[in-house]
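K.L.:
show me how the following folds:
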Amino acid sequence: MSVKIGISLIAWQNDDLPDLTAAFTTTGAMEDAGKVGYQGVERGRRMPADTEGLRAYLDRYGVSLCGGWCSGNLMVNDLATEQDAIRQQVDQFAALNAPCIVYAECSNTIQGAIDTPVSRRPKLSRDEVRTYAAKLSELAKWSADRGTPLAYHHHMGAMVQDAEDIDWLMEGSTPDLHLLYDTGHLHFAGADPLAVLDRWGHRVKHVHFKDVRQPVLDWVHAQDESFLDGVAAGVYSVPGDPEGCIDFQAITDRLAQMDYTGWIVVEAEQDPAKAPPYEYSKLGYDHILDICAKSGLTVAR
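P.N.:
So this is what the prediction gives:
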């Protein structure tokens, strides 16, 4: 039983808040990730777009492609249109042996709107989510048949955000659709991360570890701020940060109990002026190594 540890480069290259990370390059981020010891990185927008160029780029830094974000529009597209829209990424990820595509519905999200409070996110009915889930299952099966599983990312500001939304999505979909399990987004949404893992662990294909600074989260709710306001203020951090509030040992223990063998990816968007990316990425990596050892999870090398 083993896992691999990867990282998203969002701490160095924040596409939603580019001014926050303007002083950092993708090259520097890749060098930092490799130096720390991460085995993989999720695809960033500023990496080479073509498959062979991306393969050479990853090889240069000695890392694998461990997933990557896909902005879905299945709520407004028919199945064939959505397949055409994501085909290049699906085929590229299959060619590079990525574990999955990280898919999230973005046609109606407010996650990137800095002037829109996160409290105003779209909240659909159970029937609406289940209808969407059935359609999404067809897309997931198509993607898997081409060699790339699809893992759905519940996300703050989106229509699948909290535990209830996840229940409806999973209940309405077939096992072709997997779940990306993100600790930070679950806590931000008011969900119990362990309870969600207990209920849907058998559908989890990919894991994001991010911690939450509770005082910042309390401020977001009290002042009715946007998701991006929370990010800029430091709502998220890496595992192992003493300012964080999530018990990652308990979560890693549960992953071990369910024989999880995929990737654990550090994804913690922060202001690099307050949280230097190399320092914090190393803190997260070292903490995951420690808790995996305590849980009996072997980290593959």
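K.L.:
tell me where the stretch 1-150 of the chain has strands.
P.N.:
Listed in chain order, the strands of the stretch 1-150 of the chain (DSSP state E, counting those that start in this stretch) span residues 2-7, 40-43, 64-72, 101-105, 150-153.
K.L.:
strand partners (parallel or antiparallel) of the fourth one?
P.N.:
With DSSP bridges as the criterion, the sheet partners recorded for strand 101-105 are strand 64-72 (parallel), strand 150-153 (parallel).
K.L.:
the stretch 1-150 of the chain: helices as residue ranges?
P.N.:
Per DSSP state H, counting those that start in this stretch, the stretch 1-150 of the chain carries helices over the ranges 26-36, 51-61, 79-95, 126-145.
K.L.:
follow-up on the earlier one: dump the strands paired with strand 101-105 to JSON lines, plus mean pLDDT, distance to residue 35 and mean neighbour count.
P.N.:
C-beta: built from backbone N, CA, C; applies to glycine. JSON lines is the format used below for the strands paired with strand 101-105 (pLDDT from 0 to 100; distance: least, Cβ to Cβ, whole Å; neighbours: other Cβ atoms under 10 Å):
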{"stretch": "strand 64-72", "mean pLDDT": "97", "distance to residue 35": "16", "mean neighbour count": "22"}
{"stretch": "strand 150-153", "mean pLDDT": "98", "distance to residue 35": "27", "mean neighbour count": "25"}
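K.L.:
quick one: closest of the ones you listed to residue 171.
P.N.:
Judged by Cβ to Cβ, the one of these that comes nearest to residue 171 is strand 150-153, at 13.0 Å.
K.L.:
can you name the element that comes right after that closest one?
P.N.:
helix 163-172 (DSSP states H and E).
K.L.:
burial check on residue 135, number of neighbours?
P.N.:
The tally of other residues near residue 135 (other Cβ atoms under 10 Å) stands at 17.
K.L.:
so it makes contact with residue 79?
P.N.:
Yes. Between residue 135 and residue 79 a contact is recorded at 6.6 Å, counting by Cβ atoms under 8 Å.
K.L.:
what's the closest non-adjacent residue to residue 265?
P.N.:
Spatial nearest neighbour of residue 265, excluding adjacent residues (Cβ to Cβ, 6 or more residues apart in numbering): residue 6 at 4.4 Å.
K.L.:
which stretch among the helices of the stretch 1-150 of the chain comes nearest residue 45?
P.N.:
Residue 45 lies closest to helix 26-36 among the helices of the stretch 1-150 of the chain, at 9.1 Å (Cβ to Cβ).
K.L.:
count of neighbours near residue 162?
P.N.:
So residue 162, with other Cβ under 10 Å, has 18 neighbours.
K.L.:
low-confidence ranges, the stretch 101-250 of the chain, go.
P.N.:
Along the stretch 101-250 of the chain, the model assigns pLDDT under 70 to no residue.
K.L.:
neighbours around residue 105, how many?
P.N.:
Counted with other Cβ under 10 Å, the neighbours of residue 105 add up to 23.
K.L.:
quick one, what contacts it?
P.N.:
For residue 105, the contacting residues are 72, 73, 74, 75, 132, 158, 159, 160, by Cβ atoms under 8 Å, 6 or more residues apart in numbering.
K.L.:
using PyMOL, define a selection of the buried residues within the residues you listed.
P.N.:
In PyMOL syntax, the buried subset of the contacts of residue 105 is picked out as below (16 or more other Cβ atoms under 10 Å):
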select buried, resi 72+74+75+132+158+159+160
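K.L.:
export the contacts of residue 105 as CSV, with columns for distance to residue 39.
P.N.:
Formatted as CSV, those follow (distance: Cβ to Cβ, whole Å):
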residue, distance to residue 39
72, 27
73, 31
74, 31
75, 34
132, 34
158, 29
159, 33
160, 28
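K.L.:
between the contacts of residue 105, which is nearest residue 22?
P.N.:
residue 158 (26.2 Å).
K.L.:
got phi/psi on the closest residue in space to that closest one that isn't next to it in sequence?
P.N.:
Of all residues beyond its chain neighbours, the one nearest residue 158 is residue 109 (4.3 Å), with distances taken as Cβ to Cβ, 6+ apart. The phi/psi pair for residue 109 (degrees, to the nearest 10) reads phi -80, psi 160.
K.L.:
quick check: end-to-end length of stretch 99-107?
P.N.:
One end of stretch 99-107 sits 25 Å from the other (Cα to Cα, to the nearest Å).
K.L.:
buried residues, that stretch. List them.
P.N.:
In terms of neighbour count (16+ other Cβ under 10 Å), stretch 99-107 has its buried residues at 99, 100, 101, 102, 103, 104, 105, 106.
K.L.:
identify the residues contacting the second one.
P.N.:
To tie it back to what came earlier, the one meant is residue 100. Residue 100 touches 67, 93, 148, 149, 150, 151, 178, 180, 205, 206, counting by Cβ under 8 Å, 6+ apart.
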